[in-house]
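K.L.:
Please find the sequence and the predicted model below.
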Amino acid sequence: MKNSSQILFFTFSAYFDIGPLKYFFFSVVMCLYVLIICANLLLILVICMNRSLREPMYLFLCSLLVNELYGSTGLFPLLLIQLLSDIHTVSVQFCYLQIFCLYTYVNVQFYNLAVMSYDRYLAICCPLQYNTRMGTQKVVVLIALSWVFPLLAIVVMIWLNASLQLCGNIIDRLYCDNFSVVKLACFDTTANNVYGLIYTFTVLFGLTVLILYTYTKILKVCFSGSKQTRQKAVTTCTPHLASLLNFSCGCFLEIVQSRLDMSSAPMTVRVFLSLYFLICQPLYNPLLYGLNLTKIYNICKSLLFRKV
């Protein structure tokens, strides 16, 4: 019987022979990756280089965009290599590294969205107290917690995974996934399952409740306030809500794809379900925030169309 110390690599079984088309798909994925890098970097530079954007809302947005660059880097390089390779394998160590990157990306994204919703709640529901309750020190602490806590939580998850004894090395995915590795375990995975459930219900469920609570309060103020208040709320909250819905929908599709038997579904559908939240969110957010937040839109427009 093999254990995790004897398994040196994992094999991705979701890739199939597409012949010369692999160069076409490689080009498409490479273009998407370059587009994600350029779009997110543009907004990050715009926020960092303009003093008028040194407000908490834009600093939290900058953290969100940095996380999307981080998550994309955890996916695309290996995906591009696998598209051109004839042997779709990855070392155990690199597989765990990819799981760490992708899962921290997902968790940091939820934390950032929760912090952004809290910031909008203070700005709209407590405008007179906003500057005192959302000072520079608090912004730094919230951004730091949004990164540190998920990183520590995923380190514990990876440690639990690394201690598992595995009876196989076939992963039916395009990339390394925690659930796929746990399914390969020979023996009891109670510790992994309990930790996952506790973390999901205490942290991620708690963040979801916080986000829903803040936006419920914001909507209440919108309906009872002046036309100017409603307009401000709609302008600043629409991108956050749209980003949250898109990301939550993508995560739900990923859970459905990984937990249910999708063997009867076409391969293109399975690929779309597994990659949606990793590709569409980093593409969607720069476009969404760049077009909806007036300050960012005007600065990007002046940069892109400035006469030399």
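P.N.:
That came through fine. Computed from a predicted model, the values in this text were never measured in an experiment. Numbering: from 1, shown residues only.

K.L.:
In the stretch 1-150 of the chain, mark out all the strands, start to finish.
P.N.:
Per DSSP state E, counting those that start in this stretch, the stretch 1-150 of the chain carries strands over the ranges 9-12, 89-91.

K.L.:
most packed of those?
P.N.:
The highest mean neighbour count among the strands of the stretch 1-150 of the chain, using mean count of other CB atoms under 10 Å, belongs to strand 9-12: a mean of 18. Backbone N, C-alpha and C define where each C-beta goes, glycine included.

K.L.:
can you list contacts of it?
P.N.:
With contact meaning CB atoms under 8 Å, 6 or more residues apart in numbering, strand 9-12 is reached by 82, 88-92, 95, 169-176, 181.

K.L.:
what is the rounded mean pLDDT of it?
P.N.:
Averaging pLDDT along strand 9-12 yields 89.

K.L.:
Stretch 164-176 too?
P.N.:
Here the average pLDDT along stretch 164-176 is 86.

K.L.:
Relative to the whole chain's centre, how far out is stretch 267-282?
P.N.:
Centre-to-centre, stretch 267-282 and its host chain are 12 Å apart (CA atoms, centre = their mean, to the nearest Å).

K.L.:
Begin at 13 from now on, thanks
P.N.:
Sure, I'll start numbering at 13, so the last one becomes stretch 279-294.

K.L.:
And residue 281, how far from residue 288?
P.N.:
Going from residue 281 to residue 288 by CB to CB, to the nearest Å gives 11 Å.

K.L.:
next one: residue 32
P.N.:
Applying CB to CB to residue 32 and residue 288 gives a distance of 26 Å.

K.L.:
neighbour-wise, which of these two wins?
P.N.:
residue 288 (19 against 6; other CB atoms under 10 Å).

K.L.:
didn't the more buried one look like it was pressed against residue 267?
P.N.:
No - the pair residue 288 / residue 267 is not scored as a contact, 11.6 Å apart, by CB atoms under 8 Å.

K.L.:
can you give me how far whatever helix or strand residue 171 lives in is from the chain middle?
P.N.:
Counting by DSSP states H and E, the element that carries residue 171 is helix 148-174. Centroid displacement of helix 148-174 relative to its chain, using CA atoms, centre = their mean, is 14 Å.

K.L.:
Likewise for stretch 85-99?
P.N.:
Using CA atoms, centre = their mean, the offset of stretch 85-99 from its chain centre is 19 Å.

K.L.:
neighbouring contacts of it?
P.N.:
For stretch 85-99, contacts defined as CB under 8 Å, 6+ apart pick out 24, 27, 34-35, 37-38, 41-42, 44-45, 48, 100, 102, 106, 110, 113-114, 117, 186-187, 287, 290-291.

K.L.:
what about dumping the CA coordinates of it to CSV?
P.N.:
Extracted in CSV, the C-alpha atoms of stretch 85-99 (Å, rounded to 0.1, in the frame of the first residue of the first chain):
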residue,chain,number,x,y,z
THR,A,85,-0.3,33.4,-10.5
GLY,A,86,-1.3,30.4,-8.5
LEU,A,87,-3.3,29.0,-11.5
PHE,A,88,-2.1,30.2,-14.9
PRO,A,89,1.6,29.2,-15.0
LEU,A,90,0.9,25.6,-14.3
LEU,A,91,-2.1,25.6,-16.5
LEU,A,92,0.0,26.9,-19.4
ILE,A,93,2.7,24.3,-18.9
GLN,A,94,0.1,21.5,-18.8
LEU,A,95,-1.6,22.6,-22.0
LEU,A,96,1.7,22.2,-23.9
SER,A,97,2.8,19.1,-22.1
ASP,A,98,2.1,15.5,-23.1
ILE,A,99,2.5,14.2,-19.6
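
K.L.:
Number of residues surrounding residue 196?
P.N.:
When neighbours are counted by other CB under 10 Å, residue 196 comes out with 19.

K.L.:
do the same with the one 10 residues further on
P.N.:
Residues contacting residue 206 under the criterion other CB under 10 Å number 11.

K.L.:
Quick check: the gap between it and residue 169.
P.N.:
For residue 206, the distance to residue 169 - CB to CB - is 12 Å.

K.L.:
how deep is residue 161 tucked in, by neighbour count?
P.N.:
14.

K.L.:
Once you drop chain neighbours, what's closest to it?
P.N.:
Ranked by CB to CB, 6 or more residues apart in numbering and with sequence neighbours excluded, the top spatial neighbour of residue 161 is residue 123, at 7.1 Å.
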